[in-house]
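Engineer: Fold the following.
(chains A and B)
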Amino acid sequence: GEDVEQSLFLSVREGDSSVINCTYTDSSSTYLYWYKQEPGAGLQLLTYIFSNMDMKQDQRLTVLLNKKDKHLSLRIADTQTGDSAIYFCAERGGGSQGNLIFGKGTKLSVKP
Amino acid sequence: EPEVTQTPSHQVTQMGQEVILRCVPISNHLYFYWYRQILGQKVEFLVSFYNNEISEKSEIFDDQFSVERPDGSNFTLKIRSTKLEDSAMYFCASRRGPQETQYFGPGTRLLVL
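Structural biologist: So this is what the prediction gives:
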């Protein structure tokens, strides 16, 4: 079945770049998403990429998509302490109603 | 900027009780969803709703669950007889059209004792 995998933890120093990786199984996914969840809060859409793209940049965020390897990454440049959160990768499921399939989330810790 | 809102933010209930979680999707959105996140686990799809009916549901969404859009603005999730394992964060989401992005509410944290 459809599945999304992410590493669970990443720790970086303030000012460094963070790279969060994700793999997915559904090759027919049309959209792939990154959501951010701060402690006790909801899911905030960070960015998304359409499957016919291989890169998307949005300010400090860069999304890379390797469709052949079904690998998605999120790079955060100049990581700040406010970036500390859990980052969820999600793919749009194969159902007609577009429900999302989430990974377990990567907890990013930014040390000053 | 329009947001999805959810009430209550927290709810504590006794096992066997009924709970209703409420959501107000973004006003011009047509597709509505419920997801849940058990502590420390993945966010899981429960159900999608379009054109006043359930369009898709997961295995989790059994007969104890129901959804309703009682008026033009609210979208509710009812759990008829709560179990301990229903304790989770419940997220509502909505989107405008089939190719649009889903926007999530802040969640309702449900604790079943």
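Engineer: List, one by one, the residues from chain A near chain B.
Structural biologist: A:31, A:33, A:35, A:41-45, A:48, A:88, A:90, A:93, A:95-105 (Cβ under 8 Å from any Cβ of the partner chain). Where you see a C-beta, it was placed from the backbone N, CA and C, and this is true even at glycine.
Engineer: ok, residue A:39 - how many residues close by?
Structural biologist: 7 (other Cβ atoms under 10 Å in any protein chain shown).
Engineer: same deal with residue A:112?
Structural biologist: A count of neighbours around residue A:112, defined by other Cβ under 10 Å, yields 7.
Engineer: Report pLDDT for the nearest residue to it once chain neighbours are set aside.
Structural biologist: With Cβ to Cβ, 6 or more residues apart in numbering or on different chains as the criterion, residue A:112 has its nearest non-adjacent residue at 5.2 Å, and that residue is residue A:14. Per-residue pLDDT puts residue A:14 at 97.
Engineer: For residue A:14, give its distance to residue A:82.
Structural biologist: 10 Å (Cβ to Cβ, to the nearest Å).
Engineer: Am I right that residue A:29 is in contact with residue A:49?
Structural biologist: No. Residue A:29 is beyond contact range of residue A:49, at 10.2 Å (criterion: Cβ atoms under 8 Å).
Engineer: who's more crowded, those two?
Structural biologist: residue A:29 (23 against 18).
Engineer: does that one sit in a helix, a strand or a coil?
Structural biologist: Of the three states, residue A:29 takes coil under DSSP: H, G, I helix; E, B strand; the rest coil.
Engineer: Leaving out the residues flanking it, which one is nearest to it?
Structural biologist: Spatially, and ignoring its direct neighbours in sequence, residue A:29 is nearest to residue A:91 (4.2 Å; Cβ to Cβ, 6+ apart).
Engineer: Show me what the one you found is bridged to.
Structural biologist: residue A:32, residue A:101 (DSSP bridges).
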